[in-house]
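A.B. asks: Generate a structure from the sequence data that follows.
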Amino acid sequence: RLAPGSGPNPHRSPLGTGNYDVNVVMAALATRGLAALWWDRRRPLERLSLPHILGFLLNVPSQVRLGALALPLRRPHWLGVRRLGGTFYNLDSKLPAPAAIGSETELRQFLREALAKGPSELFLVVPQDVEETGAWLR
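C.D. replies: Have a look, this model is predicted:
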């Protein structure tokens, strides 16, 4: 839907390996009444109003592997973070199972470390009304 009539899909990896760009993510979330907001890493993470944020999407560099062989290449990879109960979890598809991050303090440290790993981006997933009011920021 984002590129009707175009030959190759301009919104994903040329090799078709699934690293969709953020426009695809934003369009998919909008169908559910949600929005993805880009986080400016120059802002302190303490400004996030965590009760208003449903989850996080990180685009981080990831080691390229061929089976057990790790190649000296890195490519962008999407991963999600979500709170379940009082604990935040890393929902990275490359993990064997969701990994507990912990509390709000531990989440902020996890995000800080992820943003420090080279060319990384952070997006906040919020309901569209939270996006409109700016309640995700304190």
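A.B. asks: Give me the phi and psi angles of R42.
C.D. replies: phi -70, psi -20 (degrees, to the nearest 10).
A.B. asks: The one 4 residues further on now?
C.D. replies: Backbone dihedrals for E46, given as degrees, to the nearest 10, come out at phi -70, psi -10.
A.B. asks: Pull the contacting residues for it.
C.D. replies: Neighbouring residues of E46 by C-beta atoms under 8 Å, 6 or more residues apart in numbering: R108. No exception for glycine: its C-beta is placed from N, CA and C like everyone else's.
A.B. asks: I'd like to know how far it sits from E121.
C.D. replies: Distance from E46 to E121, counting by C-beta to C-beta, to the nearest Å: 19 Å.
A.B. asks: This protein: strands as residue ranges?
C.D. replies: 34-38, 55-66, 69-84, 87-90, 99-102, 121-127 (DSSP state E).
A.B. asks: Report the mean confidence score over stretch 60-78.
C.D. replies: Averaging pLDDT along stretch 60-78 yields 80.
A.B. asks: what separates it from the chain centre, distance-wise?
C.D. replies: Here stretch 60-78 shows a centroid-to-chain-centroid distance of 17 Å under the convention C-alpha atoms, centre = their mean, to the nearest Å.
A.B. asks: before we move on, the earlier item: redo the strands of the chain as a markdown table? Include distance to Y20 and mean neighbour count.
C.D. replies: A markdown table is the format used below for the strands of the chain (distance: least, C-beta to C-beta, whole Å; neighbours: other C-beta atoms under 10 Å):
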| stretch | distance to Y20 | mean neighbour count |
| --- | --- | --- |
| strand 34-38 | 12 | 18 |
| strand 55-66 | 10 | 17 |
| strand 69-84 | 8 | 14 |
| strand 87-90 | 20 | 19 |
| strand 99-102 | 23 | 14 |
| strand 121-127 | 13 | 20 |
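A.B. asks: In CSV: those, plus distance to V24.
C.D. replies: Formatted as CSV, the strands of the chain follow (distance: least, C-beta to C-beta, whole Å):
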stretch, distance to V24
strand 34-38, 10
strand 55-66, 11
strand 69-84, 10
strand 87-90, 21
strand 99-102, 25
strand 121-127, 12
